[in-house]
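Chemist: Sequence plus predicted model, see below.
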Amino acid sequence: MSQFLHSLHAIASDPHLQFLAADDPTDKPIVPDYKPKLPGEIRTPTSTILAWTAGGGLSLAVLGGLVGWGLVAIGHNTERASLAARGKSSILWSLISGVGIGVTSGLVMGFYNMSS
């Protein structure tokens, strides 16, 4: 173990050791100050496509829920239990898909906007 500590001490006390980031602002670091961002030509259409996809998916989830409630109403009024059960199932799946689309689109847009 003492050899390991001796090696660490030798590395740390080396005056010619260069670090990746400079402590002094006048020194030039090895890794330049880089901030990634999308070009303007790509950013606008991509954000439009992401917004339309999220909005369309949520609209279809709402439409699926409305159709499901319609199936439940028709199934209960005509005493078709299987139709009402399918309607209840479609309501549940439209809720799950709406939550999934909302969370996913929020995460994608959040990570997408981090690059600006």
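Modeler: Nice, I can see it.
Chemist: List the buried residues of the strand or helix carrying residue 51.
Modeler: Residue 51 is part of helix 40-77 when elements are defined by DSSP states H and E. For helix 40-77, the neighbour count (16 or more other CB atoms under 10 Å) marks 54, 57-58, 61, 64-65, 68, 71-72, 75 as buried. To be clear about C-beta, it is placed using only N, CA and C from the backbone, and glycine gets the same treatment.
Chemist: Tell me what angle the helix or strand hosting residue 92 forms with helix 40-77.
Modeler: Assigned by DSSP H and E, residue 92 belongs to helix 81-114. Orientation check (axes from the mean of the first three to the mean of the last three CA atoms, to 10 degrees): helix 81-114 against helix 40-77 gives 160 degrees.
Chemist: Check which helices and strands helix 81-114 sits against.
Modeler: helix 40-77 (3 or more CB pairs under 8 Å, 6 or more residues apart in numbering; DSSP states H and E).
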